[in-house]
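J.: below are the sequence and a predicted model; questions follow.
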Amino acid sequence: MRPEGTHRTGRPVVNKAVYILNANGERIPISISTAVLKDERGRVIGGVETFRDLSQVEELRKELEGVTRSPTSSGAGRHAAVVRTAAAGG
């Protein structure tokens, strides 16, 4: 899925989370960033897109959700931390 509008508006898209399908039909979480390239006169001469695989970030998020949702009798001794990275929207 390609973010719409960057090539028309000139506005960049930064870290938009989307899914793609791999050859086996499995959904893969990725982050997309886009920008236009301009010459010295400001004319659009091209564009660039970057894609980042967010599979590990999603796995870690699911693990953390499991930890924070696990039932405990008293809740004592249970600690969870949320770590935000640039790849996760930072």
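T.: Ah, there it is.
J.: can you pull the pLDDT of Arg78?
T.: Listed pLDDT for Arg78 reads 48.
J.: beta partners of Ser31?
T.: Ala17, Arg52 (DSSP bridges).
J.: that one: neighbour count?
T.: 20 (other CB atoms under 10 Å). (Each C-beta comes from the backbone N, C-alpha and C, glycine too.)
J.: these two touch, right, it and Phe51?
T.: Yes. Under the criterion of CB atoms under 8 Å, Ser31 makes contact with Phe51 at 7.3 Å.
J.: okay, helices next: where are they in the protein?
T.: Taking DSSP state H to define them, one finds helices in the chain at 6-9, 55-69.
J.: so which of those helices is nearest Leu37?
T.: helix 6-9 (10.7 Å; CB to CB).
J.: C-alpha coordinates for that closest one, PDB please?
T.: Output in PDB follows, covering the C-alpha atoms of helix 6-9 (Å, rounded to 0.1, in the frame of the first residue of the first chain):
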ATOM      1  CA  THR A   6       3.300  12.800  -1.600                       C
ATOM      2  CA  HIS A   7       3.900  13.000  -5.400                       C
ATOM      3  CA  ARG A   8       1.000  15.400  -5.800                       C
ATOM      4  CA  THR A   9       1.300  17.600  -2.700                       C
END
